[in-house]
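A.B. asks: I need the structure of the sequence given here:
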Amino acid sequence: MTHDVQFKRISACRSAHIGTGLIGAGLLCLLAACKPAPPSAWAGYVEGEPLYLAAPVAGRLAELPVQVGDTVVAQQVLFVLEGAVERAADAEAQARADSARAQLADAGKGRRPEELAVSEAQLRQARSARALAQADLQRQQELLTRNFVARAAVEDAQLKFDQAQARVGELEAALKTAHLPAREDERQSARELALAAARLREQSQWRLSQTRQSAPEAGVIQDVFYRPGEWVAAGQPVLALLPPARRKARFYVPEAQLGRLALKQAVRLSCDGCGAPIAAQISFISAQAEYTPPVIYSNEQRAKLVFMVEARPVQLQDAERLHPGQPMDVRVQP
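C.D. replies: Coordinates of the predicted model:
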């Protein structure tokens, strides 16, 4: 082998070695480029806290003027029960309350005018009898001084006068008593009975008012569980109302990134079709770790243990743009 041939072989080996090194370096670069970058946002979803509206009384569902998807305002009527039993009970309570008030008023009065007129007539008659007895007594006394009658006749006239005088005093006291109201104990008892009847009427009115349920705040009808004509048990929800203030974003943060978050911290919510990012504040941070929920599991977020965090929109009009179950990306407010 000549010197020139050996030189060519050595040059070829060096070139092959350099080429192999370049290929290996390129592969390393490609592998580095394929490595997933840490996520710039936490994946989550929208959660709703609906109000399950029910009546504390039972009855047949008479009216249901709303349906699923309707937007209602505060104090708008949502459903009405028949309430026949409650109306009858309220009428009875009203009658009892009126009767108790009448008894209380009667206890504060004297006797009726007709009864007073009878007592006054009896008193006038007694006074006339007393005057007649007094005149007879005087006449008998004068006759006794002239010895025309015996002392027994005078004593008999005196007895009749005393009886007439006592009868007048009796009727005067009876007439005075007839003008007086009932005794204080009786009037107190009447007042208590009237108060109890009024409280029973308030209860019946409340039960009757509960057959008509209105929206406690504005929101969207999320679900309806009964239809008109069906019997609804007391306390059984008839429909579900979702107010804007009860919509929130729920997302999961790995333990290594949990230190970046705090309550009331500002974050941004983003989702497909939501438009501009929504400003929100963190309202809850779980104290216990859990496994990544399947609904948000992805190749980018494979952390086994995470902490659940919740954030609520700052503005109500922004909360209306959120829909329960909607996927959501959460970022820390810069």
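
A.B. asks: now the helices for the stretch 51-200 of the chain?
C.D. replies: With DSSP state H, counting those that start in this stretch as the criterion, the stretch 51-200 of the chain has helices at 84-107, 113-145, 151-178, 184-209.

A.B. asks: Just tell me which of these ends up closest to H323.
C.D. replies: H323 lies closest, by Cβ to Cβ, to one member of the helices of the stretch 51-200 of the chain: helix 184-209, at 34.0 Å. Bear in mind the C-beta positions are built from the backbone N, C-alpha and C, glycine included.

A.B. asks: Now do the closest one against helix 84-107: the angle between them, please.
C.D. replies: Relative orientation of helix 184-209 versus helix 84-107 (axes from the mean of the first three to the mean of the last three Cα atoms, to 10 degrees): 160 degrees.

A.B. asks: quick one: buried residues of the very next helix or strand once past helix 184-209?
C.D. replies: Moving toward the C-terminus from helix 184-209, the next helix or strand (DSSP states H and E) is strand 212-214. For strand 212-214, the neighbour count (16 or more other Cβ atoms under 10 Å) marks Q213 as buried.

A.B. asks: What does R312 show for phi and psi?
C.D. replies: Phi and psi for R312, reported as degrees, to the nearest 10, are phi -120, psi 140.

A.B. asks: Contact partners for it?
C.D. replies: Counting by Cβ atoms under 8 Å, 6 or more residues apart in numbering, R312 touches A245, R247, K248, A249, A280, Q281, S283, A319.

A.B. asks: Closest one of these to A266?
C.D. replies: Among the contacts of R312, and counting by Cβ to Cβ, the member closest to A266 is Q281, at 6.0 Å.

A.B. asks: Could you list the buried residues of the one helix or strand that closest one maps to?
C.D. replies: Assigned by DSSP H and E, Q281 belongs to strand 278-291. By 16+ other Cβ under 10 Å, the buried positions in strand 278-291 come out as I278, A280, I282, I285.

A.B. asks: Stretch 258-277 too?
C.D. replies: L261, Q265, V267, R268, L269, S270, C271, C274, P277.

A.B. asks: Check whether V238 sits in a helix, strand or coil.
C.D. replies: Here V238 is strand, with the state taken from DSSP: H, G, I helix; E, B strand; the rest coil.

A.B. asks: so what's it scoring on pLDDT?
C.D. replies: The model reports V238 with a pLDDT of 97.

A.B. asks: Let me know whether it touches I221 as I believe.
C.D. replies: No: the criterion here is Cβ atoms under 8 Å, and V238 misses it with I221 at 10.6 Å.

A.B. asks: Common neighbours of these two, please.
C.D. replies: L78.

A.B. asks: what residues go with each domain of the chain?
C.D. replies: 42-50+243-332, 96-204 (automatic domain parsing).
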